[in-house]
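> only geometry, no sequence info:
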């Protein structure tokens, strides 16, 4: 066995053992430990910023973009914000132990379905080092042991953050193996983690397509993917024009690089002449390029838009580009969303309740909107208090993933000697 | 692409299309269709029993055991029971559409988390042909399209049953592709199904270790395994002797070949002299072989038991054999269960509430019992009305898997033009 394989297996063994100990630790001790984690981040400022400086030197040598270097950079204020986020998690209600259902069978056995930690969670992520403390804090809150694997460009920063967090766990008298990180940057570690189903109960990849693809290929345990989204807005015949403009502009322009930004706009043919020119003008004023079907092209004029290619209907632009198409009505919109959307967040704008309800019912996406911007698909906007990400999967966690989604359940049966006849 | 690969992909495309149509069909039409399915099974009796006869001829030529041939055999009464089971499913409450949570955010958007069908479910199973109609009925009830892949020994029977079920769907005006079966017996089909994540939302393997292993290896979508169980009972120092005997005998002997039968018995050292001789006598009277540790061997006498091998602590016997070990107390019992158990169903027998509650809290198994037989881990015993199996996985479905576990959720957001600031 390679040294890396031994290392990853050892992380797994330790995570499992730590998760067993976490299961026996009371809520207030876990919350106290979260404060200790936050303190340790502040205490570790010197080491963490030194490590971050090393990552930044390497990033500049590699020629990373200014935006990426900004995402990677830590300073006193950002570290304080990371510590505060961990303290905020301590203040959230703990979903663990919640009784989801309770009933008594005719033979007298009492069955309770209770919420419990998942156990051990592997989180594989890229880029921003604050994910390290966020993810570790959320996992600790919910009683899960976690094995982290961050992006190579943040290696030194992540390691220093994890060192601080583990010092915090020791200070709080909790098992430091509740938070571990894979050493080094060997990509093979992703495969090794994904195959280690004897020790990892769940693996959460957050990052680009290649990362997610390689986790899916190898994983033997459940995977919850955090992919980008191809979100679609449909402007119905009965859409309010002001609202349509406001929602489309917000969903495209407020933060175009995120998974819940809109990428395709569908417009009912009967309302196209009324809605499209003003929506297009508002978008173009904000620098949005419109890639449009033939009918829209004729309506808006060649100087205001460019013809869409076939690939545009399947592209998550993640920038100020919007694909626009006129459809014959709701049926065509539903078919387009089903075929080209990524089932993440899709919206209808209409004043017609029956049409809206049909859209809400028939669109098979994690979040389906009526008269609101797709940008609300977000743990904070949902009121979850904390978010480990936005699941693009359909089972266990779908859409924004908060503390509850870091738990599972088990059944407890209390009897008085009942046997099965 | 091979002909088989094309066939499986075509099943996938059709299943997805059917699932979209099922999502628009009202509850009462689905329930009416279940009655049509049941009628079609009865109407198809001639064809189904002819097909079954062909399978039985092949089974006898292959030299299958009498027990296996019995499991494979259909007759008028068994077919009527299958039809009745489908009608019973129609009568169950439909979990679909249930509002799991509903809240309004400060900005006025209304969020509802509602229960919806999973979409498309692949079920891979072995042996008994009644699983074909059971699984198809449960999936239809919950609005899922299903692709079935049965065991090779029941090929003709399963195909005839599916033909009948599809005739029932047609009679009811529902898309017949809601129920499909993989043609032929090529094992490659299992890999093709497991890789087809663009069309299958979930795959459920029910069968032996090799089948489950190959699904896990290839699957790109969530898998819910239905494995066997290594269940353990711990007799505490404070166990009631009558109850201990009754529960152990029931859990071992009532049906030894099932996943919730007990395989290992742990006994507190301080109670061993009181409990073990009478439990051992009761078990031996029922033909149970005891494979025991040294201390038990000395206590019971060489004529009443055999020394356990190291492998016995990790073996699911599924027959009248029980591994028995004396432990120093709860800690050792918990450690043994964690290390050797399969986290399916484990029980403590004790009159001491504090000990019991610690056991219930710390044992990380799908179902944890206090003073009841492990044999109650079962959809019918839980009162679920129907069971698609017993999940040995930890996420989405854990333990008995009924109608609710064939659903997922989505979020609906209703606004009045809200945008994100």
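Received it, and whenever you're ready, just let me know what you need. Please read these numbers as outputs of a predicted model, since none were measured by experiment.

> starting at the chain centroid, how far to the top strand by length along chain A?
For chain A, the strand with the greatest residue count under DSSP state E is strand A:407-418. Strand A:407-418 has its C-alpha centroid displaced from the chain centroid by 32 Å (CA atoms, centre = their mean, to the nearest Å).

> Now do the phi/psi pair for the nearest residue to residue A:208 once chain neighbours are set aside.
Spatial nearest neighbour of residue A:208, excluding adjacent residues (CB to CB, 6 or more residues apart in numbering or on different chains): residue A:126 at 6.6 Å. C-beta here means a position set from N, CA and C on the backbone, and glycine is covered the same way. Backbone torsions of residue A:126, given as degrees, to the nearest 10, read phi -120, psi 160.

> re the thing from before, close to chain B, is the longest strand of chain A?
Yes. Using CB under 8 Å from any CB of the partner chain, we find that strand A:407-418 touches chain B at A:408, A:409, A:410, A:411, A:412, A:413, A:414, A:415, A:416, A:417, A:418.

> ok, the residue nearest to residue A:208 touching residue A:205?
No. Using CB atoms under 8 Å, residue A:126 is not in contact with residue A:205, being 9.3 Å away.

> where do the contact lists of those two overlap?
Common neighbours of residue A:126 and residue A:205 (criterion: CB atoms under 8 Å, 6 or more residues apart in numbering or on different chains): residue A:211.

> Just want to know which of those two has more residues nearby.
Using other CB atoms under 10 Å in any protein chain shown, the more surrounded residue of residue A:126 and residue A:205 is residue A:205, with 27 against 17.

> Can you classify the more buried one by secondary structure?
Counting by DSSP: H, G, I helix; E, B strand; the rest coil, the backbone at residue A:205 sits in strand.

> Now do the contacts for residue A:222.
Residue A:222 neighbours (CB under 8 Å, 6+ apart): A:201, A:202, A:203, A:395, A:396, B:222, B:223, B:393, B:394, B:395, B:396.

> Please narrow those to those residing in strands.
In strands, defined here by DSSP E, the members of the contacts of residue A:222 are A:202, A:203.

> Quick check: of the residues of strand A:407-418 next to chain B, which has the highest neighbour count?
Among these, the one with the most neighbours (other CB under 10 Å) is residue A:413, at 25 neighbours.

> wait, what's in contact with it?
A:109, A:110, A:111, A:112, B:367, B:368, B:369, B:370, B:372, B:376.

> List of residues touching the helix or strand harbouring the fourth one?
Per DSSP states H and E, residue A:112 falls inside strand A:110-117. By CB under 8 Å, 6+ apart, the residues outside strand A:110-117 that reach it are A:19, A:22-23, A:95-105, A:142-144, A:404, A:406-415, B:364, B:382.

> What pairs with the helix or strand following that strand, parallel or antiparallel?
Next helix or strand after strand A:110-117 toward the C-terminus (DSSP H and E): strand A:120-125. Note on strand A:120-125: by DSSP bridges, its sheet partners are strand A:145-149 (parallel), strand A:202-206 (parallel).

> okay, the angle between the last one and strand A:407-418?
Pointing back at strand A:202-206 there. Comparing the axes of strand A:202-206 and strand A:407-418 via axes from the mean of the first three to the mean of the last three CA atoms, to 10 degrees yields an angle of 170 degrees.

> and strand A:202-206, average pLDDT?
Across strand A:202-206, pLDDT averages out at 95.

> C-terminal to it, what's the next element?
As assigned by DSSP H and E, the chain's next helix or strand after strand A:202-206 is helix A:209-218.

> Enumerate the positions of the strand holding residue A:112 that are buried.
Using 16 or more other CB atoms under 10 Å in any protein chain shown as the test for burial, strand A:110-117 gives A:111, A:112, A:113, A:114, A:115, A:116, A:117.

> Show me which of the residues you listed is closest to chain B.
Closest to chain B out of the buried residues of strand A:110-117 is residue A:111 (6.3 Å), distances taken as CB to the nearest CB.

> near chain B, which residues of the stretch 51-200 of chain A show up?
Close to chain B, as judged by CB under 8 Å from any CB, the stretch 51-200 of chain A has residues A:103, A:105, A:109, A:111, A:116, A:118, A:119, A:197.

> list the contacts for the nearest residue to the third one once chain neighbours are set aside?
Nearest non-adjacent residue to residue A:109, counting by CB to CB, 6+ apart: residue A:415, 4.6 Å away. Applying CB under 8 Å, 6+ apart, one finds that residue A:415 lies in contact with A:108, A:109, A:110, B:369, B:370, B:371, B:372.

> where exactly do the helices run in the stretch 201-350 of chain A?
Assigned by DSSP state H, counting those that start in this stretch, the helices in the stretch 201-350 of chain A fall at A:209-218, A:241-253, A:269-285, A:294-300, A:330-340.

> what does the shortest one rub up against?
In other words, helix A:294-300. A:267, A:269, A:272-273, A:276-277, A:280, A:290, A:292, A:305, A:307, A:324-326.

> how about a cut-off of 6 Å?
A:276, A:280, A:307, A:324, A:326 (CB atoms under 6 Å, 6 or more residues apart in numbering or on different chains).

> Now distance to residue B:400 too, for the strands paired with strand A:120-125, in JSON lines please.
As requested, the strands paired with strand A:120-125 are exported to JSON lines (distance: least, CB to CB, whole Å):
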{"stretch": "strand A:145-149", "distance to residue B:400": "27"}
{"stretch": "strand A:202-206", "distance to residue B:400": "21"}
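
> Break chain A down into its structural domains.
A:3-227+A:395-414, A:231-380 (automatic domain parsing).

> quick one: the longest strand of chain A to strand A:110-117, angle?
150 degrees.

> Note down every partner strand of strand A:407-418 and its orientation.
If you go by DSSP bridges, strand A:407-418 pairs up with strand A:110-117 (antiparallel), strand B:367-372 (parallel).

> after the last one comes which helix or strand?
Along the chain past strand B:367-372, the next helix or strand (assigned with DSSP H and E) turns out to be helix B:379-382.

> Please report how far the closest residue in space to residue A:391 that isn't next to it in sequence lies from residue A:278.
In space, and not counting its chain neighbours, residue A:391 is closest to residue A:397: 4.2 Å by CB to CB, 6+ apart. Between residue A:397 and residue A:278 the distance is 39 Å, computed by CB to CB, to the nearest Å.

> How about residue A:334?
Applying CB to CB, the value for residue A:334 to residue A:278 is 25 Å.

> So between those two, which is more surrounded?
Neighbour count, other CB under 10 Å: between residue A:334 and residue A:278, residue A:334 has more, with 23 against 13.

> So for that one, what pLDDT did the model give?
Per-residue pLDDT puts residue A:334 at 97.

> residue contacts, it?
So residue A:334 contacts residue A:362 (CB under 6 Å, 6+ apart).

> can you do 7 Å?
Residue A:334 is in contact with A:362, A:363, counting by CB atoms under 7 Å, 6 or more residues apart in numbering or on different chains.

> Please apply the same query to residue A:337.
A:232, A:346, A:363.

> now with 10 Å?
Residues counted as contacts of residue A:337 (CB atoms under 10 Å, 6 or more residues apart in numbering or on different chains) are A:230-234, A:264, A:266, A:343, A:346-348, A:359, A:362-365, A:368.

> Which of the residues you listed fall in strands?
Among those, the members found in strands (DSSP E) are A:231, A:232, A:233, A:234, A:264, A:266, A:346, A:347, A:348, A:368.

> ok, the fifth one touching residue A:291?
The one in question is residue A:264. Yes. Between residue A:264 and residue A:291 there is a contact under CB atoms under 10 Å: 9.4 Å.

> who in the stretch 201-350 of chain A is up against chain B?
A:201-202, A:213, A:216-224, A:240, A:242-251, A:254-255, A:260, A:334-335, A:338, A:343, A:345, A:347, A:349 (CB under 10 Å from any CB of the partner chain).
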